[in-house]
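Engineer: how would this look folded up:
(4 chains)
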Protein chains: 2
Amino acid sequence: MASSDNSRLSLLLSKLEKWAEFSGADREAVLSLPYKIRSYSPAQYIARDGDRTEYCSLLLSGYAYRSKIVGDGGRQIVAIHIKGDMVDLQNGVLGIADHNVQALTAIEVALMPRGAILDIVQQHPAVARAMWHETLVDGSTQREWTTNVGRRDAQARLAHLLCEFGLRVEAAGLGSRTHYDLPLTQEQLADCLGLTPVHVNRTLKVLDRQNLITRTLRSVRIDDWDRLAGAGDFNSTYLHLDSNSRALDPATPMRLSA
Amino acid sequence: MASSDNSRLSLLLSKLEKWAEFSGADREAVLSLPYKIRSYSPAQYIARDGDRTEYCSLLLSGYAYRSKIVGDGGRQIVAIHIKGDMVDLQNGVLGIADHNVQALTAIEVALMPRGAILDIVQQHPAVARAMWHETLVDGSTQREWTTNVGRRDAQARLAHLLCEFGLRVEAAGLGSRTHYDLPLTQEQLADCLGLTPVHVNRTLKVLDRQNLITRTLRSVRIDDWDRLAGAGDFNSTYLHLDSNSRALDPATPMRLSA
DNA sequence: CGCCGGTTTGAGTCCATTCAAGAGGAGTGG
DNA sequence: CCACTCCTCTTGAATGGACTCAAACCGGCG
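Structural biologist: The predicted structure is shown next:
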């Protein structure tokens, strides 16, 4: 466990500090978490369903995804992760993986031993609270995904996903919400959306023909954000991107219009 | 905020203690959380999407559910909660509700102020860890629901839901896994499963005709658990019902057979 | 150049939906 | 105690969105 140059964990620190007020000691503790860097190539497993997990991983670069396999061989992708996400907090803390975690592109992760995570949350309440928040936001996103596959048609599902990606990629500083890399094959998109690859292909074409998006190879340009968000029934609240929950601003609560 | 007789929070305590080793002070702190009891009648809102939330609620009796509404008016039920569940931890801690929480039956809840929850996790790491666990298990369940609506056909979806209910109801001491109250209308079942009420009706009949279940009014008898679990592609791992994660037993990791 | 994974397109099928109407059950008020 | 109403459940028939199967196309790469 080489604890060499810990500056790579500053990514984690800045993420966590969005959610709680950190003391100097808290920051110090995060930055001195033991970790090792590891690379994975596309499709490689970070964790497999059923595995005992020893590490929590912070995604340093690239994209990763979580998936579950059903009885007939079908696959559901339940989450996509980008730079700065803790990709294995749930599996790591619960101790046993209830789903697969795989690299989508070539990635780099910082592996932190499960015990070190449990220790730091034991000793640093602010860190604990921030990680808990992280988990809560993941949960919120997951509910939205359930809703997406459960109650929207193919076009809305896809539009919704593209909007979510845009905002998250932008928030992570990886591009603009209207033009970003989308390193998913149509088959993987289908597995995110509960559709078949063939139908994803057709649906993409429909969005393109309506001048909502322009597809180039593995990247997307959103030509009309507002109309795409409308088509996707997209409301960004669930992403909790505004980090003002600790000092909740007095703005009027939003309400769905429909 | 009447902090009168705190014995009702022992339900919360016993749940949390499954996930972390509590000291006497930890127990004391949980039991002396301020709360007030409130009743809701069926369909009444505990929280609405977009609301500022001031309380976290512990469900003392009855059933509740979370839902999201989509643009065309459709509803997705994203979780069902039973006695002992914290029904509003996410909304309460994040401070703004990203979905609705409603009573399914007549219910009683213990409302605890958001601030008190934040305080206790600040001062009692074991409590924080236990609540975090609670959230992680919720997240795991949510991933399974996403998978259920995304990648299983109507029959499997319904069978899966019935199995999940059975185990959870049994774990909460409310009945047996093979015979329990199911206070959902077929419309509500449909909204859990991403189906229409009409199709739920037909699918129930299919399960009945295959002698997997027997339906009586608002309750279910599972006649052949193993076959139903097979039909529903059900594997209970994701519920994390075995509370041995803090002292992980050395059993071989489970792997899916398919 | 020829392979190979991914994309595109077409045609036919099917699972679930929609629309519609009737039956059952519980509660209410006359 | 019965009539009435409302809600839920049930069933049928027709429709449709997404799927399956299958073949062709494309672009990158060895």
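Engineer: elements contacting the helix or strand harbouring residue A:200?
Structural biologist: Following DSSP states H and E, one finds residue A:200 within helix A:197-209. Applying 3 or more Cβ pairs under 8 Å, 6 or more residues apart in numbering or on different chains; DSSP states H and E, we find helix A:197-209 packed against helix A:154-171, helix A:186-193, strand A:213-216. To be clear about C-beta, it is placed using only N, CA and C from the backbone, and glycine gets the same treatment.
Engineer: figure out which of the ones you listed is closest to DNA strand C.
Structural biologist: When those are compared by Cβ to the nearest atom of the strand, helix A:186-193 sits nearest DNA strand C, at 3.3 Å.
Engineer: roughly how far is the helix holding residue A:200 from the heart of the chain?
Structural biologist: 24 Å (Cα atoms, centre = their mean, to the nearest Å).
Engineer: does that helix reach DNA strand D?
Structural biologist: Yes - using Cβ under 7 Å from any atom of the strand, helix A:197-209 comes into contact with DNA strand D via A:198-199.
Engineer: buried stuff in that helix?
Structural biologist: A:200, A:203-204, A:207 (16 or more other Cβ atoms under 10 Å in any protein chain shown).
Engineer: do stretch A:123-133 as well
Structural biologist: A:124-133.
Engineer: now the helices and strands packed on helix A:197-209 as TSV including distance to residue B:239, mean pLDDT and mean neighbour count?
Structural biologist: Converted to TSV, the helices and strands packed on helix A:197-209 look like this (distance: least, Cβ to Cβ, whole Å; pLDDT from 0 to 100; neighbours: other Cβ atoms under 10 Å in any protein chain shown):
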stretch	distance to residue B:239	mean pLDDT	mean neighbour count
helix A:154-171	27	97	22
helix A:186-193	23	98	21
strand A:213-216	39	91	14
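Engineer: wait, which of those is closest to residue B:225?
Structural biologist: Nearest to residue B:225, of all these, is helix A:186-193, at 29.8 Å by Cβ to Cβ.
Engineer: so which residues on chain A come close to DNA strand D?
Structural biologist: A:153-155, A:194-196, A:198-199, A:217.
Engineer: by pLDDT, give me the weakest of those residues.
Structural biologist: Minimum pLDDT for the residues of chain A next to DNA strand D is recorded at residue A:217 (78).
Engineer: distance of that residue relative to residue B:171?
Structural biologist: 49 Å (Cβ to Cβ, to the nearest Å).
Engineer: dump the residues of chain A next to DNA strand D into JSON lines; add distance to DNA strand C as well.
Structural biologist: JSON lines is the format used below for the residues of chain A next to DNA strand D (distance: Cβ to the nearest atom of the strand, whole Å):
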{"residue": "A:153", "distance to DNA strand C": "9"}
{"residue": "A:154", "distance to DNA strand C": "13"}
{"residue": "A:155", "distance to DNA strand C": "14"}
{"residue": "A:194", "distance to DNA strand C": "11"}
{"residue": "A:195", "distance to DNA strand C": "12"}
{"residue": "A:196", "distance to DNA strand C": "9"}
{"residue": "A:198", "distance to DNA strand C": "4"}
{"residue": "A:199", "distance to DNA strand C": "8"}
{"residue": "A:217", "distance to DNA strand C": "8"}
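Engineer: between those residues, which is closest to residue A:175?
Structural biologist: Nearest to residue A:175 out of the residues of chain A next to DNA strand D is residue A:217 (Cβ to Cβ; 15.5 Å).
Engineer: got a list of contacts for stretch A:221-240?
Structural biologist: Contact with stretch A:221-240 is made by A:136-137, A:140-141, A:143-144, A:152, A:155-164, A:166-168, A:177-179, A:207, A:210-215, A:254, A:256, B:50, B:70-72, B:94, B:96, B:98-99, as judged by Cβ atoms under 8 Å, 6 or more residues apart in numbering or on different chains.
Engineer: distance between it and the chain's centre?
Structural biologist: The answer for stretch A:221-240 is 17 Å, by Cα atoms, centre = their mean.
Engineer: buried ones in it?
Structural biologist: Within stretch A:221-240, judged by 16+ other Cβ under 10 Å, the buried ones are A:222-223, A:225, A:228-229, A:231-240.
Engineer: ok, now stretch A:14-33?
Structural biologist: A:15-20, A:22, A:26-27, A:29-30, A:33.
Engineer: which regions of chain A sit below the pLDDT cut-off?
Structural biologist: Residue ranges of chain A with pLDDT under 70: A:1-6, A:243-258.
Engineer: tell me where it has helices.
Structural biologist: Here chain A has its helices, by DSSP state H, at A:10-17, A:24-31, A:89-94, A:114-123, A:125-151, A:154-171, A:186-193, A:197-209, A:225-231.
Engineer: relative to helix B:125-151, how tilted is the fourth one?
Structural biologist: Angular relation of helix A:114-123 and helix B:125-151 on a 0 to 180 degree scale: 130 degrees, by axes from the mean of the first three to the mean of the last three Cα atoms, to 10 degrees.
Engineer: buried residues, helix A:114-123. List them.
Structural biologist: Quick answer for helix A:114-123 (16+ other Cβ under 10 Å): A:114, A:116-118, A:120-121.
Engineer: which outside residues touch stretch A:204-217?
Structural biologist: Contacts of stretch A:204-217 (Cβ under 8 Å, 6+ apart): A:155, A:158-159, A:162, A:186, A:220-224, A:227-228, A:231.
Engineer: got it, and stretch A:64-78?
Structural biologist: A:40, A:46, A:49, A:79-81, A:85, A:87, A:99-104, A:107, A:109, A:142, A:145, A:188, A:191-192, A:194, B:143-144, B:146-147, B:150-152, B:156, B:233, B:256, B:258.
Engineer: just the buried residues of these.
Structural biologist: A:40, A:46, A:49, A:79-81, A:85, A:87, A:99-104, A:107, A:109, A:142, A:145, A:188, A:191-192, A:194, B:143-144, B:146-147, B:150-152, B:156, B:233.
Engineer: how much space between the one residue in the stretch 1-150 of chain A that gets nearest to chain B and DNA strand C?
Structural biologist: Residue nearest to chain B within the stretch 1-150 of chain A: residue A:150 (3.2 Å; Cβ to the nearest Cβ). Using Cβ to the nearest atom of the strand, to the nearest Å, we find residue A:150 at a distance of 9 Å from DNA strand C.
Engineer: let me see the contact set for that residue.
Structural biologist: Counting by Cβ under 8 Å, 6+ apart, the residues that residue A:150 touches are B:76, B:149-150, B:193-194.
Engineer: if you set the cut-off to 7 Å instead, what comes out?
Structural biologist: B:76, B:149, B:194 (Cβ atoms under 7 Å, 6 or more residues apart in numbering or on different chains).
Engineer: grab the nearest non-local neighbour of it.
Structural biologist: residue B:194 (3.2 Å; Cβ to Cβ, 6 or more residues apart in numbering or on different chains).
Engineer: residues contacting the closest residue to residue A:121 other than its chain neighbours?
Structural biologist: Excluding its sequence neighbours, the residue lying closest to residue A:121 (Cβ to Cβ, 6+ apart) is residue A:128, at 3.8 Å. Counting by Cβ under 7 Å, 6+ apart, residue A:128 touches A:121, B:121, B:125, B:128.
Engineer: bridging residues for the residue nearest in space to the middle of chain A?
Structural biologist: Of all residues in chain A, the one closest to the mean position by Cα atoms, centre = their mean is residue A:81, 3.2 Å from it. Note on residue A:81: beta-bridge partners residue A:64, judged by DSSP bridges.
Engineer: so it sits right up against residue A:87, yeah?
Structural biologist: Yes - Residue A:81 is in contact with residue A:87 according to Cβ atoms under 7 Å; the separation is 4.8 Å.
Engineer: what sits against residue A:135?
Structural biologist: Going by Cβ under 7 Å, 6+ apart, residue A:135 touches A:89, B:132, B:135-136, B:139.
Engineer: at 8 Å what do you get?
Structural biologist: Counting by Cβ under 8 Å, 6+ apart, residue A:135 has contacts A:89-90, B:132, B:135-136, B:139.
Engineer: with distance to DNA strand C added, can I get the residues you listed in CSV?
Structural biologist: Output for the contacts of residue A:135, formatted as CSV (distance: Cβ to the nearest atom of the strand, whole Å):
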residue, distance to DNA strand C
A:89, 28
A:90, 27
B:132, 35
B:135, 30
B:136, 30
B:139, 26
